[in-house]
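Asker: next input, structure requested:
(one chain, ligands or ions: 1)
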Amino acid sequence: MFGIATIGRHACPFEAGQELQVMELVTPTIRQGGVDTVFVMPNLQPPITSVAQALEYQSRLRSIEPKVNFLMSLYLHPSVTPEVIAEASLSRAIAGVKLYPQGVTTNSESGVAGDFLETYSSVFAAMEQHDLVLNLHGEVPGAPPSANMSLEEAFLPDLKRIHEKFPRLRCVLEHCSTAAALDAVRACGPSVAGTITAHHLYLTGDISEVDPLAFCKPIPKTAEDRDALIKAASSGDPKFFFGSDSAPHLLVSKSGKPVPAGVYTQSFASQLVILALEEAIEKGIIEEHEVTQERLEQFLSRSGRRFYKLPEPAADGPKIVLRRTGETIPKSIKSADGTLEIGLSRHSAPIFSLSWTS
Ligand SMILES: NC(=O)N[C@@H](CC(=O)O)C(=O)O
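Answerer: Okay, here's the model as predicted:
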């Protein structure tokens, strides 16, 4: 199996000095989780809003892990103008721009207000023209508009509006968490896709709301929503591909209040997807014959790569190999000096051991 186009955030807004250490701890775990191509999230502190910042970040990441392809992103913000979009496109390092509605998740304070479609119309037009991807954190800020509508469902009309106004703009509805989000992506043309994380394939809201290590945005929803995500991930539909959305929050901050949103999965990204699918087969949510190697490759690698217009992997290119050796998920990963610790949400779950062919 090939490596994965995935989504991850590799540095956090920790006190001066710690950001670098966290990046050094987490970046080598990308390949450990079976990933060799990442779409790097821009929600650092301060956010990545210029091409120069993104290039600097990319070169730091490359110096830690030269074997990973780092596709960079910008954080949608008033300083991201149509001119910056043209510059980003010329740089060839920047694949997309991420939109965070203000206040919906970690480091979204500098995000967009409710009238973003009007405010950023010229930016979206430039993105469409230069063929950059718009990555959406698809939730509205504040309280859900009604008791039976989630923040994600309330965002879906915005997805439709963006797509109607800019039909050739490639959009990714990141970390889909509801059956309704999947339907909204299906209802749009081929320029719109959705990513699915490993953790949304096994978590439901009742667990995520009480376990800080499983707490993320969008909050996982009902068992029916999770089952719809499992079915989409194992369907072979190219509109849905894996995006880890792995968020490396330190255990000390996860133990404090308020709990920061984000689940760390990068070290075991592919293994967690496969574990969730195995569990879904055991529960009868999907049939064993539906989880073929071809469909797994589609979800974990090919569909994302195609959407991002990356070259098709060579037939003899690097693949991941999974073997059962009795490995289980550790409680956490730690820096060499033990000062930084990031907790894992499925401590002691049995997983495949992963290696690369080259
Ligand atoms: N997913 C999360 O819960 N958190 C992400 C931000 C995000 O994508 O919402 C993070 O970077 O911490």
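
Asker: flag every residue of this structure that's near the ligand.
Answerer: 9, 41, 43, 105-106, 137, 216-217, 245, 247, 261-262 (C-beta under 6 Å from any ligand atom). All C-beta atoms are positioned from the backbone trio N, CA, C, and that covers glycine.

Asker: tally of neighbours for the residue lying closest to residue 224 once chain neighbours are set aside?
Answerer: Closest residue to residue 224 apart from its sequence neighbours, by C-beta to C-beta, 6 or more residues apart in numbering: residue 179 at 6.5 Å. For residue 179, the neighbour count with other C-beta atoms under 10 Å is 19.

Asker: for residue 179, what are its contacts?
Answerer: 224-225, 228-229 (C-beta atoms under 8 Å, 6 or more residues apart in numbering).

Asker: could I get the residues of the chain next to the ligand as TSV with neighbour count?
Answerer: TSV is the format used below for the residues of the chain next to the ligand (neighbours: other C-beta atoms under 10 Å):
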residue	neighbour count
9	24
41	27
43	24
105	20
106	19
137	24
216	28
217	23
245	28
247	27
261	19
262	24
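
Asker: how about those residues in TSV, adding secondary structure, pLDDT and distance to residue 119?
Answerer: Shown next, in TSV, are the residues of the chain next to the ligand (DSSP: H, G, I helix; E, B strand; the rest coil; pLDDT from 0 to 100; distance: C-beta to C-beta, whole Å):
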residue	secondary structure	pLDDT	distance to residue 119
9	coil	42	25
41	coil	91	22
43	coil	89	19
105	coil	87	20
106	coil	82	23
137	coil	96	16
216	coil	95	27
217	coil	95	22
245	coil	92	25
247	coil	90	27
261	coil	92	25
262	coil	93	27
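
Asker: before we move on, back to that, mind picking the two most distant members of the contacts of residue 179?
Answerer: Across the contacts of residue 179, the longest distance by C-beta to C-beta is 10.0 Å; it joins 224 and 229.

Asker: more crowded one of the two?
Answerer: Per other C-beta under 10 Å, whichever of residue 224 and residue 229 has more neighbours is residue 229, with 27 against 10.

Asker: hmm, the more buried one is touching residue 176, no?
Answerer: Yes: counting by C-beta atoms under 8 Å, residue 229 touches residue 176, with 6.5 Å between them.

Asker: anything in contact with each of these two?
Answerer: With C-beta under 8 Å, 6+ apart as the test, residue 229 and residue 176 both reach 182, 196, 200.

Asker: thought the second one was touching residue 243?
Answerer: To tie it back to what came earlier, the one meant is residue 196. Yes: between residue 196 and residue 243 there is a contact under C-beta under 8 Å: 7.0 Å.

Asker: what's the overlap in contacts for these two?
Answerer: residue 175.

Asker: quick check: residue 95 is in a helix.
Answerer: No: Residue 95 sits outside any helix when classified using DSSP: H, G, I helix; E, B strand; the rest coil, being strand.

Asker: export the contacts of residue 179 as a markdown table, with columns for secondary structure and distance to residue 253.
Answerer: What follows is those, written out as a markdown table (DSSP: H, G, I helix; E, B strand; the rest coil; distance: C-beta to C-beta, whole Å):
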| residue | secondary structure | distance to residue 253 |
| --- | --- | --- |
| 224 | helix | 32 |
| 225 | helix | 27 |
| 228 | helix | 31 |
| 229 | helix | 27 |
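
Asker: mean confidence score for the one helix or strand residue 62 maps to?
Answerer: In this assignment (DSSP states H and E), residue 62 forms part of helix 51-64. For helix 51-64, mean pLDDT rounds to 93.

Asker: what does stretch 219-228 give?
Answerer: 98.

Asker: list the contacts of residue 123.
Answerer: Residues near residue 123 by C-beta under 8 Å, 6+ apart: 76, 80-82, 85, 97.

Asker: out of the residues you listed, list just those in strands.
Answerer: residue 97 (DSSP state E).

Asker: filter the contacts of residue 123 down to the buried ones, ChimeraX style.
Answerer: Buried residues within those, by 16 or more other C-beta atoms under 10 Å, are selected in ChimeraX with:
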select :76,80,82,85,97
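
Asker: distance of residue 138 from the ligand?
Answerer: Computed as C-beta to the nearest ligand atom, to the nearest Å, the residue 138 to the ligand distance reads 10 Å.
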